[in-house]
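Enquirer: Below are the sequence and a predicted model for it; my questions follow.
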Protein chains: 2
Amino acid sequence: MEHLSREVRLVSRPNGASTHSNFEIAEVELQPLGSGEVRVRNTWMSVDPYMRGRMRDYESYLPPLQIGKALEGAAVGEVVESNDPGFATGDTVLSMLGWRDVFNAPAAALRKPEVEVSSPEMYLGVCGSTGHTAYIGLADVIKLQPGQIIFISGAAGAVGSIACQIAKLMGATVIASAGGAEKRAYLKQLGVEKIIDYKKTENLSQALAELAPSGIDAYFDNVGGDHLDAALASAKTFARFALCGMISGYDKTVSGPSNLLMAIEKRLLLQGFFVLDHLSRRGEFIEKMNRWIRNGDVRYRETVEVGIERAPAAFLKLFSGENVGKMLVKLA
Amino acid sequence: MEHLSREVRLVSRPNGASTHSNFEIAEVELQPLGSGEVRVRNTWMSVDPYMRGRMRDYESYLPPLQIGKALEGAAVGEVVESNDPGFATGDTVLSMLGWRDVFNAPAAALRKPEVEVSSPEMYLGVCGSTGHTAYIGLADVIKLQPGQIIFISGAAGAVGSIACQIAKLMGATVIASAGGAEKRAYLKQLGVEKIIDYKKTENLSQALAELAPSGIDAYFDNVGGDHLDAALASAKTFARFALCGMISGYDKTVSGPSNLLMAIEKRLLLQGFFVLDHLSRRGEFIEKMNRWIRNGDVRYRETVEVGIERAPAAFLKLFSGENVGKMLVKLA
């Protein structure tokens, strides 16, 4: 029944940590396609920590998600019916209309990938916003140089695990932080030699100082909180910090750091960035990443939940740190 | 007795706010000049908030001050005796050897000003590190553009009061924060129209949001703490923050901010800077500032204490917010 679909709606705004009660799965009946509209069956959708920000009632990167409406996020799908000359049945399309099985949308809400990849879910992970985020943070924000020492937090996650590998390709020494034996083992597989297991570390600042006695040149922040404090404490003069995410702080109203004075004393640059500001260079990035993957220079891993009814669980696992690599939901 | 002098020594490191008990005035007997040495009588010395950082036992901009030794800081003086061919009696010299009346130093510790000013204490204020700090923060860090809206905290202080005027010269709209009627009046004299008296303001973020309903393009931070929180809350996307000082945080171990997540969501740049990194361009700056002063475009004010025995009091007043404009100590 191609005109029946399911979607995940936000039914309440999280107060602190988000929970299953903030979501509901709803059946929807699709209207016949209007002129210029396209019907898409999503095959894969992404869940990302930044979505937590859009659940609050203020404008951040993007407008806040609306109560009672379907959530939004990156998805890849196939056109099942088209009333627009730019799209044909069977086309692979990218959109921000994840969290739903099948949907109608105006053609302008869809994008055909500029560069092919070997499997469509890669558009959501290593060749999509997560991989591109790692690349932008290192190349454009930090401007990482060969021989530098970089600290990367959330290092076994979607962005972090790619950032570790690109940083090594750029000639840097990587100090990675992640929590738990599985993530440590994964980082070792990726060739990262200096690893901090923050779950086993009482004093993160001290652990980082021991691994980088002469300090760090750069910090790729996916975590915030005490990780950012540790990076501020260990930063060399003129170090550069790419502020990518603060998973430790999304659920709280207070997120530190306690020693930002270091940013003045050490003349640090801290820069927030968002990959969608750099979308015009996505194709160029995918070509580079395809080469790296083909040469075995970058490996990637996915943690997959199956079925739209598992999408809220997949999202919640991001915050309990259960994913290794990119967290995805397979929808079809 | 030119071979007797006085100096201010650090006798203990402040724990929290610094107090008179951290300082002592000591008499010292100067040795005869060695080869390549110069004897200088300081005429003016500077007290600056950053000195609080050097009283802690860790390396910041500069090595920590040593217990039992004279403090250090910018000073201007006159050569009274010279054993170095580069300096002659009567020369005006600049050094980091403030906090003492007369001292011997190797010629390398002294600098002759490259550009003349109308009164020597200006080398410590409007034409010295404070004025230059304001200029670097606006021109190099923020890269302030005509038509932009900038928030400046500590706006009636040494750096802030010059920053307000340069920002207006650069074509920006200034929102200034300072505490108390005298400082408000001074800012009005300087032509600043939008002023927040933080001492009379319960919710700084709300006050800033009301004065800048469409947000701020830039923030010149002299204060940290809740001022930085307010700036983060009101920042437009891609706003640039010059982190110059955190007078609210020097005495504490925790200095916020509570909402640094905004730096990611709004893709902000936050950059710490220190004027001594830019000393090679001091002469060029003084020429520019001399022109501005001559044309009446920049006015400056000094709060002066007289006598080295008043130097600790002058320093402590920086933290109780008693100075308007540049705080100086006249030594001779």
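Expert: That came in fine, so what should we check first? Residues are numbered from 1 along each chain as shown, chains lettered A, B, ... in the order given.
Enquirer: For the rest of this, base every contact and every neighbour count on C-alpha atoms.
Expert: OK.
Enquirer: can you give me the helices for the stretch 101-250 of chain A?
Expert: Per DSSP state H, counting those that start in this stretch, the stretch 101-250 of chain A carries helices over the ranges A:129-136, A:158-169, A:181-189, A:204-211, A:225-234.
Enquirer: in the third one, what counts as buried?
Expert: What it means is helix A:181-189. A:K183, A:R184, A:Y186, A:L187 (16 or more other Cα atoms under 10 Å in any protein chain shown).
Enquirer: List the contacts of it.
Expert: Residues outside helix A:181-189 that contact it (Cα atoms under 8 Å, 6 or more residues apart in numbering or on different chains) are A:A155, A:A156, A:S161, A:A176, A:A178, A:I195, A:D197, A:V324.
Enquirer: Relative to B:V40, which of these is nearest.
Expert: A:A176 (52.4 Å; Cα to Cα).
Enquirer: if we can go back for a sec, which one of the contacts of helix A:181-189 is nearest to chain B?
Expert: Using Cα to the nearest Cα, A:A155 is the member of the contacts of helix A:181-189 that sits closest to chain B, with 18.1 Å.
Enquirer: Am I right that that closest one is in contact with A:I166?
Expert: No: assessed by Cα atoms under 8 Å, A:A155 is found out of contact with A:I166, at 12.0 Å.
Enquirer: neighbour-wise, which of those two wins?
Expert: Shown here are A:A155 and A:I166; by other Cα atoms under 10 Å in any protein chain shown, A:A155 has more neighbours (33 against 22).
Enquirer: immediately after the helix or strand bottoming out on mean pLDDT in chain A, which helix or strand?
Expert: Every helix and strand of chain A was ranked by mean pLDDT, DSSP states H and E. The lowest is helix A:51-54, at a mean of 88. For helix A:51-54, the following helix or strand on the C-terminal side (DSSP states H and E) is strand A:75-82.
Enquirer: residues in contact with A:P32?
Expert: A:H3.
Enquirer: Now A:V192: closest residue in space, sequence neighbours ignored.
Expert: Nearest non-adjacent residue to A:V192, counting by Cα to Cα, 6 or more residues apart in numbering or on different chains: A:V174, 6.5 Å away.
Enquirer: whoops, I mixed them up, A:N104
Expert: A:R39 (4.4 Å).
Enquirer: what do you get for A:Q206?
Expert: Closest residue to A:Q206 apart from its sequence neighbours, by Cα to Cα, 6+ apart: A:A230 at 7.7 Å.
Enquirer: So which residue is dead centre in chain A?
Expert: Centroid check for chain A by Cα atoms, centre = their mean gives A:T130 as the closest residue, at 4.4 Å.
Enquirer: Okay, it and A:A163: tell me how far apart.
Expert: 9 Å (Cα to Cα, to the nearest Å).
Enquirer: Same check on A:D91?
Expert: From A:D91 across to A:A163, the span is 31 Å (Cα to Cα).
Enquirer: Who has more neighbours out of these two?
Expert: Shown here are A:D91 and A:A163; by other Cα under 10 Å, A:A163 has more neighbours (30 against 17).
Enquirer: Verify the contact between that one and A:Y135 for me.
Expert: Yes: applying Cα under 8 Å, one finds A:A163 in contact with A:Y135, separated by 6.7 Å.
Enquirer: can you pull the contacts of the closest residue to A:I264 other than its chain neighbours?
Expert: The shortest distance from A:I264 to any non-neighbouring residue, by Cα to Cα, 6+ apart, is to B:G272 (4.0 Å). Residues in contact with B:G272 (Cα under 8 Å, 6+ apart) are A:A263, A:I264, A:E265, A:K266, A:R267, A:L268, A:L269, B:A242, B:L243, B:C244.
Enquirer: next one: A:V329
Expert: For A:V329, the contact set (Cα under 8 Å, 6+ apart) comprises A:W44, A:M45, A:S46, A:V47, A:V304, A:E305, A:V306, A:G307, A:I308, A:R310, A:A311, A:A314.
Enquirer: ok, 10 Å please
Expert: By Cα atoms under 10 Å, 6 or more residues apart in numbering or on different chains, the contact set of A:V329 is A:43-47, A:75, A:98-99, A:121, A:302-315.
Enquirer: Just the buried subset of those, please.
Expert: Among the contacts of A:V329, those classed as buried by 16+ other Cα under 10 Å are A:43-47, A:75, A:98-99, A:121, A:302, A:304-305, A:308-315.
Enquirer: Give me the subset of those that lies in strands.
Expert: A:T43, A:W44, A:M45, A:S46, A:A75, A:E302, A:V304, A:E305 (DSSP state E).
Enquirer: The fifth one and A:E121 touch, don't they?
Expert: Yes: judged on Cα atoms under 10 Å, A:A75 makes contact with A:E121 at a distance of 8.5 Å.
Enquirer: B:E116 versus A:M289, what's the distance?
Expert: The spacing between A:M289 and B:E116, counted by Cα to Cα, is 58 Å.
Enquirer: Neighbour count for those two, which is higher?
Expert: Remark: of A:M289 and B:E116, A:M289 carries more neighbours, 22 against 15, as counted by other Cα under 10 Å.
Enquirer: quick one: contacts for the more buried one?
Expert: Counting by Cα under 10 Å, 6+ apart, A:M289 touches A:V117, A:V126, A:C127, A:G128, A:G131, A:H132, A:Y135, A:I166, A:G283, A:N295, A:D297, A:V298.
Enquirer: Now do the fourth one, the pLDDT please.
Expert: Confidence at A:G128, expressed as pLDDT, is 94.
Enquirer: any common contacting residues for A:T130 and A:A163?
Expert: With Cα under 10 Å, 6+ apart as the test, A:T130 and A:A163 both reach A:G157.
Enquirer: Would you state the strands of the stretch 151-300 of chain A in chain order?
Expert: Assigned strands in the stretch 151-300 of chain A, in chain order: A:173-178, A:194-197, A:216-221, A:235-243, A:269-272 (criterion: DSSP state E, counting those that start in this stretch).
Enquirer: For the longest one, enumerate its sheet partners and note whether each is parallel or antiparallel.
Expert: Spelled out, it's strand A:235-243. If you go by DSSP bridges, strand A:235-243 pairs up with strand A:216-221 (parallel), strand A:269-272 (parallel).
Enquirer: List the buried residues in the one helix or strand A:A26 maps to.
Expert: Using DSSP H and E, the element containing A:A26 is strand A:23-29. For strand A:23-29, the neighbour count (16+ other Cα under 10 Å) marks A:F23, A:E24, A:I25, A:A26 as buried.
Enquirer: which helices and strands sit right next to it?
Expert: For strand A:23-29, the packing partners by 3 or more Cα pairs under 10 Å, 6 or more residues apart in numbering or on different chains; DSSP states H and E come out as strand A:4-10, strand A:102-106, helix A:311-320.
Enquirer: what stretches of the stretch 1-150 of chain A score poorly on pLDDT?
Expert: A:1-2, A:59-60 (pLDDT under 70).
Enquirer: Next, count neighbours for the closest residue to A:P63 other than its chain neighbours.
Expert: Leaving aside its sequence neighbours, A:P63 sits nearest to A:R54 (Cα to Cα, 6+ apart; 6.8 Å). Neighbour count for A:R54, taken as other Cα under 10 Å: 20.
Enquirer: ok, A:R54 touching A:I67?
Expert: No: A:R54 is beyond contact range of A:I67, at 11.1 Å (criterion: Cα under 10 Å).
Enquirer: residues bridging contact with those two, i.e. touching both?
Expert: Common contact partners of A:R54 and A:I67 (Cα under 10 Å, 6+ apart): A:R13.
Enquirer: one step back: okay, and the common contacts of A:A75 and A:E121?
Expert: Shared contacts of A:A75 and A:E121 (Cα under 10 Å, 6+ apart): A:T43, A:W44, A:M45, A:S46, A:L328, A:V329, A:K330.
Enquirer: The first one: what's it in contact with?
Expert: By that I understand A:T43. Shown in contact with A:T43 (Cα under 10 Å, 6+ apart): A:75-78, A:92-93, A:98, A:100-102, A:120-121, A:307, A:329-332.
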